[in-house]
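>>> For reference, the sequence and a predicted model appear below.
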Amino acid sequence: MTKIHDEFDLVRRMRAEVPVRQDLSGVERRLAELRTRRRPVKSRRLPRLRWGLALAAACVLGVGGWQLTRGGAAEGVRPAVAHHPATTTAPAAVLERAALAAASTMAAEPSPDQWFYRQQTQHMPGGDLPTYESWHKLDGTRTAIRTAGGKLKVTDAERGPSHPGKTLAELRRLPTDPDALLRHFRSLPRELTPLSICAPECPAGTEQDVKAFGAIGWYMSYGRLVPPDTAAGMYRALAKIPNVGIEENATDGDGRTGIGVVLDLGAAGKGSYILDPEDYHYLGLTVERDGVTAAMSVLSTGVVDEPGQVP
C-alpha cells in the first residue's frame with residue numbers, strides 16, 4: 001500500500017442481458033416533446049453545453065495519470081470476469097434510452113477563437129483537491145486557470161497530445177456505428193482515461209475492452225461537442241462491451257445521484273460513469289480498486305468568447 005500512497009501523493013503534487021422487446025415508448029414520447037419545444041439557435045456565439053466535460057484533469061495528470069499499479073496480460077478472447085452484478089437492469093435498454101436522448105440534442109459548433117470552459121473536482125484517497133476552473137482556446141494556442149486567490153491567469157498553451165480543439169476534430173471523424181466505434185477504440189495505441197481501472201494488470205483478454213470503455217468515457221465527457229449521432233453510437237457501443245452493467249442510484253464524487261454505467265472486473269477493479277438520471281449527460285467518473293476509490297466530477301462546462309467568462 002506504500003506504493004499506492006506514493007502515487008496519491010504524486011497526483012496531489014502534480015495537479016445482455018438484452019430483453020427481446022424494449023419498451024422505450026415513454027422515452028420516445030419525452031424526446032418528441034423536447035424536439036417540439038426546442039427553438040432554433042439564432043447565434044452560434046456562447047452556446048451552452050449541458051453535457052459534462054471530463055478532460056478529467058488532463059492538464060494536471062495527463063492521460064492515464066492515476067493508477068493503482070499492482071505487467072500486462074496477453075491479449076486473447078475477452079472472457080466474462082467473475083463479479084457481482086451491479087443491478088438486474090438490462091444495460092442495452094438503459095443505454096438505448098441514453099442514445100435516443102443524445103441523438104435528439106443539437107451539436108455545438110464553436111469557432112476556433114472561442115474557449116472551452118470547465119469546472120471540475122478531483123477526489124483522491126489522500127484527500128480532495130480544490131475545485132478547478134480552466135479555459136482552453138479551441139485553436140490550441142492559449143489556456144487559462146482561476147488561481148486559488150481568484151485571479152485569472154492566462155498563458156500560452158503547453159504542447160501536449162490533446163486539447164479541446166484537436167479533440168473536436170477527432171470527434172467529427174469518428175464513425176457513428178457502434179461496432180465500428182468499438183473496433184476503433186479497441187485498436188488505440190494507448191488507454192484514453194484519467195483514472196485507469198486496472199492497468200497494468202487487467203485480467204487476460206479484457207485489455208481491449210478496458211481501452212474501449214475508457215476512450216468512450218473520455219470522449220463522451222466533452223458533452224455536446226460530440227456530434228449527436230456519434231454520441232448515440234457511443235452509448236450503444238458501451239452496451240456491447242462484456243462485463244458492463246447498470247447501477248441504479250449511483251453517486252459521483254460530489255454526492256450527486258445518477259445512473260452508473262459500470263465496467264466491473266471483479267478483484268481487478270471497477271470503473272463507473274455516472275449519468276444524469278433525467279437526460280443522461282455525463283456527471284463524472286469513479287474508480288474502485290483494492291478497497292480505495294478515486295473520482296473526478298464535472299460541475300460545469302461550456303463554450304465562451306473569452307477566458308474568465310462562464311456559461
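Structure received.
>>> which SSE is Tyr273 in?
Assessed by DSSP states H and E, Tyr273 sits inside strand 270-275.
>>> Tell me the strands beside that strand, with direction?
With DSSP bridges as the test, strand 270-275 is paired with strand 257-264 (antiparallel), strand 282-289 (antiparallel).
>>> Just send these back as CSV, with mean pLDDT too.
Below are the strands paired with strand 270-275 laid out as CSV (pLDDT from 0 to 100):
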stretch, mean pLDDT
strand 257-264, 96
strand 282-289, 93
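>>> Give me the mean pLDDT for the strand holding Tyr273.
For strand 270-275, mean pLDDT is 96.
>>> Pull the residues that contact it.
By CB atoms under 8 Å, 6 or more residues apart in numbering, the surrounding residues in contact with strand 270-275 are 83, 98, 193, 195, 197, 213-214, 217, 220, 247, 250-252, 256, 258-264, 281-289. Where C-beta positions appear, they are placed from N, C-alpha and C, glycine not excepted.
>>> Not counting its neighbours along the chain, what's nearest the residue nearest the centre of the chain?
The centroid of the chain falls nearest to Gly217 when counting by CA atoms, centre = their mean (3.2 Å). Once flanking residues are discounted, Gly217 sits nearest to Tyr273: 5.1 Å by CB to CB, 6 or more residues apart in numbering.
>>> For that neighbour, the count of nearby residues, please.
26 (other CB atoms under 10 Å).
>>> Pairing partners for it in the sheet, please.
Taking DSSP bridges as the rule, Tyr273 bridges to Val261, Leu285.
>>> residues near Val154, how many?
With other CB under 10 Å as criterion, Val154 counts 13.
>>> Can you give me the distance of it to Thr257?
Going from Val154 to Thr257 by CB to CB, to the nearest Å gives 36 Å.
>>> So Thr141 sits against Glu158, correct?
No - counting by CB atoms under 8 Å, Thr141 sits too far from Glu158 to count as a contact (10.9 Å).
>>> Among these two, which residue is more densely surrounded?
Thr141 (13 against 8).
>>> What are the buried residues along the strand of greatest length in the chain?
Ranked by number of residues, the top strand in the chain under DSSP state E is strand 292-304. For strand 292-304, a neighbour-count test (16 or more other CB atoms under 10 Å) marks 293-299, 301-304 as buried.
>>> for the stretch 201-311 of the chain, which spans come out with low pLDDT?
Counting by pLDDT under 70, the stretch 201-311 of the chain shows no low-confidence range.
>>> Next, count neighbours for Glu278.
Using other CB under 10 Å, Glu278 has 10 neighbouring residues.
>>> From Thr257, how far off is it?
11 Å.
>>> Check the contact lists of those two and give me the overlap.
Counting by CB under 8 Å, 6+ apart, nothing touches both Glu278 and Thr257.
>>> what residue ranges in the stretch 1-150 of the chain are flagged as low confidence?
1-88.
>>> rewinding a little: convert the strand holding Tyr273 to PDB, retaining C-alpha atoms only.
Backbone C-alpha positions of strand 270-275 (Å, rounded to 0.1, in the frame of the first residue of the first chain) are rendered in PDB as follows:
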ATOM      1  CA  LYS A 270     -14.300  -1.400 -11.200                       C
ATOM      2  CA  GLY A 271     -14.900   1.800 -13.200                       C
ATOM      3  CA  SER A 272     -18.200   3.700 -13.300                       C
ATOM      4  CA  TYR A 273     -19.500   6.600 -15.400                       C
ATOM      5  CA  ILE A 274     -22.300   8.400 -13.600                       C
ATOM      6  CA  LEU A 275     -25.000   9.800 -15.900                       C
END
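>>> for that strand, the distance to its chain's centre please.
Distance, stretch centre to chain centre, for strand 270-275: 9 Å (CA atoms, centre = their mean, to the nearest Å).
>>> next one: stretch 254-264
With CA atoms, centre = their mean, you get 12 Å for stretch 254-264.
>>> got JSON lines for the buried residues of strand 292-304, with distance to Pro227 too?
Shown next, in JSON lines, are those (distance: CB to CB, whole Å):
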{"residue": "Thr293", "distance to Pro227": "33"}
{"residue": "Ala294", "distance to Pro227": "30"}
{"residue": "Ala295", "distance to Pro227": "28"}
{"residue": "Met296", "distance to Pro227": "24"}
{"residue": "Ser297", "distance to Pro227": "24"}
{"residue": "Val298", "distance to Pro227": "19"}
{"residue": "Leu299", "distance to Pro227": "24"}
{"residue": "Thr301", "distance to Pro227": "16"}
{"residue": "Gly302", "distance to Pro227": "18"}
{"residue": "Val303", "distance to Pro227": "15"}
{"residue": "Val304", "distance to Pro227": "21"}
